[in-house]
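Participant: no sequence for this one, just the structure:
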């Protein structure tokens, strides 16, 4: 009988899996350089150590790594030749597809996004880079394509724009855009052209109210698309034009502060392109025709106009764009530019006589320049009272003379009136109440401006009535709305503060202005916001008139305080406080508006003197016309003696200074925030 060890199953070495051998050692034995018996499916060592035995092909793995490295090198060698628009395609389109994120592809953006880097590091190295390729149509989100529709719908958007908005804001060349549309609308358009079409559609939209405008899906889509092109490094004239239309939409519908920030972005984008100055580094190609050059001039003029229009509604916001030079060319005849008819040596410059015939857009440019002069005047805190009075009278004469010339050209009224009206707004309130010695003269100047402005309001009413239908209201310009509001606000103030005999004619003027704003609100929602602001002013004036008391301007009214300025009083104790005192060394009181009689104020002064007899006391009163209508520059000028007194006190070396501010009500707070520019104390 045979031994079982020699059964038939052992006759062949290859017939049993237990005897099969691998062609090479397992990964573990290779790693630790051990002798491997190559037994399948697991070598003896791995079986004993209960480890995974891996006989995978290491050569194939190494070959795969090598191939990956070769592909990575190939991709890296081509990255620098790809445009920023193409590189950003995946980032902008993947919002819809949900594929790679921006962070995953950010390394690919940098080489192309820095195409214009040298223009800002050292212009001597590279004066004009190669023009980038047009931004790819792949960057256009599906929602944008939905709003633009097909080729016929896009053509309708352009046609309606040139029939309406273009009349009062002619910054897009009809000739150039028509040629571009013939090339782009046949298929998917380039991204910046699509953004411009979307902005043209947006600015024709009437959302219903400011709250609706900011939530309008079309507005949100335009803002997001514009932001995506900004991230992608797209710098073209079409994109700047689109951003300007979006900023005007925000301004016209009262979307603040978005309109202010959008305006600032437009200023910097225009400077980046170099259209503000021929000698500046240029990103754009050289203009091929005079139409191209004129278009860039008009775009920069709109940047200047829009910034001064938006900035003038608030004090101490500096202008980003420089004032135009006296040799700056004014826009040419609008009809000639639209038709492509060349205009030669007879071009007007900013210093040309105002009596020469100019286009409506050129008149708006001239008025905007004057508006900039008024803004500089209002922001100048270094002038004396005499200088302020002289500047006010000089600017008034220039503006009124300009209005006289413009009034002969009714066709341009809608274009220039708003910019001039903003100038009048600064002069209407003039610098009244800088000192009682000139207050009567300043208020008289204010009334003169109101009378002149109301004569133009009458003309505007006729023009708005001619455009009363919804179809014509689309063509209504927003440039005149702020001037109507400023005129109305000043009339409301005069009606509340003037004697009954003088105020008899004001109600009809108020009704006229409010009628204009109500009609304009059907097109531009900012008109409705102005009406709400008038209601607030009327409410404040009504409350103030119920309790306001005229305070005698006597140096001895608050003894022992001494009068140091207009309604400013200071008490300096004979014995200044010591360093170890617990109380304040200076007490500043800002009085309330209604019912702030000398008797009531004196009670607080007596109490403070009893509690801290060694403290200096500064009394600053609040005045009705400063709270209701006067410009901030006027109030800051009146507070100059108080400001100097506080600085003088804080600069003393003999004792440690500490200040207590006692602010009464909203009126006192309004005065207090004008005592010092930010920071409050310095």
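Facilitator: In hand now; what should we look at? From a predicted model like this one, the values you see are computed outputs, not experimental measurements.
Participant: check which residues of stretch 296-316 are buried.
Facilitator: 296-312, 315 (16 or more other CB atoms under 10 Å). Just so you know, the C-beta spots here come from the backbone N, C-alpha and C atoms, and that holds for glycine as well.
Participant: any regions of the stretch 301-450 of the chain where pLDDT drops low?
Facilitator: 313-315, 342-346, 378, 381-389, 392, 403, 406-450 (pLDDT under 70).
Participant: and if you look at the stretch 501-650 of the chain?
Facilitator: Residue ranges of the stretch 501-650 of the chain with pLDDT under 70: 501-504, 543-557, 576-581, 593-595, 623-634.
Participant: show me where it has its helices.
Facilitator: For the stretch 501-650 of the chain, the helices defined by DSSP state H, counting those that start in this stretch occupy 506-520, 526-547, 598-611, 624-628, 632-638, 640-650.
Participant: output those helices in JSON lines, with distance to residue 248 and mean neighbour count appended to each entry.
Facilitator: Shown next, in JSON lines, are the helices of the stretch 501-650 of the chain (distance: least, CB to CB, whole Å; neighbours: other CB atoms under 10 Å):
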{"stretch": "helix 506-520", "distance to residue 248": "15", "mean neighbour count": "18"}
{"stretch": "helix 526-547", "distance to residue 248": "11", "mean neighbour count": "16"}
{"stretch": "helix 598-611", "distance to residue 248": "48", "mean neighbour count": "14"}
{"stretch": "helix 624-628", "distance to residue 248": "30", "mean neighbour count": "21"}
{"stretch": "helix 632-638", "distance to residue 248": "26", "mean neighbour count": "21"}
{"stretch": "helix 640-650", "distance to residue 248": "38", "mean neighbour count": "17"}
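Participant: could I get those helices as CSV with distance to residue 661?
Facilitator: Listed next are the helices of the stretch 501-650 of the chain as CSV, based on distance: least, CB to CB, whole Å:
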stretch, distance to residue 661
helix 506-520, 38
helix 526-547, 23
helix 598-611, 12
helix 624-628, 18
helix 632-638, 17
helix 640-650, 10
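Participant: closest one to residue 484 among those helices?
Facilitator: helix 506-520 (5.4 Å; CB to CB).
Participant: so which of the buried residues of stretch 296-316 sit within helices?
Facilitator: Judged by DSSP state H, the subset of these located in helices is 296-311.
Participant: state the number of residues packed around residue 147.
Facilitator: Residues lying near residue 147 (other CB atoms under 10 Å) number 20.
Participant: again but with residue 50, I slipped
Facilitator: As a measure of burial, residue 50 has 7 neighbours, counting by other CB under 10 Å.
Participant: please apply the same query to the one 4 residues further on.
Facilitator: The local packing count at residue 54 equals 14, with neighbours defined by other CB under 10 Å.
Participant: ok, now residue 186?
Facilitator: Neighbours of residue 186 (other CB under 10 Å): 9.
Participant: equivalent analysis for residue 55, please.
Facilitator: With other CB under 10 Å as criterion, residue 55 counts 17.
Participant: where's it relative to residue 515, distance?
Facilitator: 93 Å (CB to CB, to the nearest Å).
Participant: same check, this time on residue 191
Facilitator: Distance from residue 191 to residue 515, by CB to CB: 44 Å.
Participant: is it true that residue 608 touches residue 616?
Facilitator: No. The pair residue 608 and residue 616 fails to qualify as a contact (CB atoms under 8 Å) at a distance of 10.4 Å.
Participant: list residues touching both of these two?
Facilitator: Residues touching both residue 608 and residue 616 (CB atoms under 8 Å, 6 or more residues apart in numbering) are residue 587.
Participant: so where do the strands sit in this structure?
Facilitator: For the chain, the strands defined by DSSP state E occupy 562-565, 568-571, 586-590, 616-620, 659-663.
Participant: what about residue 50, distance to residue 56?
Facilitator: For residue 50, the distance to residue 56 - CB to CB - is 19 Å.
Participant: what of residue 298?
Facilitator: 70 Å.
Participant: what about residue 477, distance to residue 259?
Facilitator: 16 Å.
Participant: what comes up buried for stretch 37-53?
Facilitator: 38, 39, 42, 43, 45, 46, 53.
Participant: reformat the residues you listed as TSV; add distance to residue 657 and pLDDT.
Facilitator: Converted to TSV, the buried residues of stretch 37-53 look like this (distance: CB to CB, whole Å; pLDDT from 0 to 100):
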residue	distance to residue 657	pLDDT
38	91	87
39	93	88
42	87	88
43	88	90
45	86	87
46	84	88
53	84	87
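Participant: can I get the residues you listed in a markdown table with distance to residue 330?
Facilitator: Conversion of these to a markdown table gives the following (distance: CB to CB, whole Å):
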| residue | distance to residue 330 |
| --- | --- |
| 38 | 92 |
| 39 | 95 |
| 42 | 90 |
| 43 | 91 |
| 45 | 92 |
| 46 | 89 |
| 53 | 87 |
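Participant: tell me the one of these nearest residue 218?
Facilitator: Distances from residue 218 to the buried residues of stretch 37-53, taken by CB to CB, are shortest for residue 53, at 65.1 Å.
Participant: contacting residues around the closest one?
Facilitator: Residue 53 neighbours (CB under 8 Å, 6+ apart): 26, 28, 41, 42, 43, 46, 47.
Participant: separation between the fifth one and residue 31?
Facilitator: Between residue 43 and residue 31 the distance is 13 Å, computed by CB to CB.
Participant: repeat that for the third one.
Facilitator: Between residue 41 and residue 31 the computed distance is 19 Å (CB to CB).
Participant: next, count neighbours for the residue lying closest to residue 235 once chain neighbours are set aside.
Facilitator: Excluding the flanking residues, the one nearest residue 235 by CB to CB, 6 or more residues apart in numbering is residue 283, at 5.5 Å. Residues lying near residue 283 (other CB under 10 Å) number 19.
Participant: who are the neighbours in contact with residue 283?
Facilitator: Residues 116, 119, 129, 235, 272, 273, 274 are the ones in contact with residue 283 under the rule CB under 8 Å, 6+ apart.
Participant: sort out for me which of these are in helices.
Facilitator: Using DSSP H, the contacts of residue 283 in helices are 119, 272, 273.
Participant: reformat the strands of the chain as a markdown table; add distance to residue 143.
Facilitator: Shown next, in a markdown table, are the strands of the chain (distance: least, CB to CB, whole Å):
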| stretch | distance to residue 143 |
| --- | --- |
| strand 562-565 | 60 |
| strand 568-571 | 59 |
| strand 586-590 | 52 |
| strand 616-620 | 55 |
| strand 659-663 | 50 |
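Participant: now mean neighbour count and distance to residue 484 too, for the ones you listed, in a markdown table please.
Facilitator: Converted to a markdown table, the strands of the chain look like this (neighbours: other CB atoms under 10 Å; distance: least, CB to CB, whole Å):
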| stretch | mean neighbour count | distance to residue 484 |
| --- | --- | --- |
| strand 562-565 | 16 | 36 |
| strand 568-571 | 20 | 36 |
| strand 586-590 | 22 | 33 |
| strand 616-620 | 24 | 34 |
| strand 659-663 | 16 | 34 |
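Participant: which one of the ones in helices among the contacts of residue 283 has the most neighbours?
Facilitator: residue 273 (22 neighbours).
Participant: so that residue touches residue 240, yeah?
Facilitator: Yes. In this structure residue 273 lies within contact range of residue 240 using CB under 8 Å: 6.4 Å.
Participant: ok, residue 589 to residue 560 distance?
Facilitator: Distance from residue 589 to residue 560, counting by CB to CB: 15 Å.
Participant: swap in residue 214?
Facilitator: 55 Å.
Participant: neighbour count: these two, which is higher?
Facilitator: Legend: neighbour count by other CB under 10 Å for residue 214 and residue 560, higher for residue 214 (18 against 12).
Participant: with adjacent residues omitted, what lies nearest to that one?
Facilitator: Among residues not flanking residue 214 along the chain, residue 255 sits closest, at 5.2 Å (CB to CB, 6+ apart).
Participant: that neighbour reaches residue 216, doesn't it?
Facilitator: No. The pair residue 255 / residue 216 is not scored as a contact, 9.8 Å apart, by CB under 8 Å.
Participant: and these two? Which one has more around it.
Facilitator: The neighbour comparison of residue 255 against residue 216 (other CB under 10 Å) goes to residue 255, with 24 against 19.
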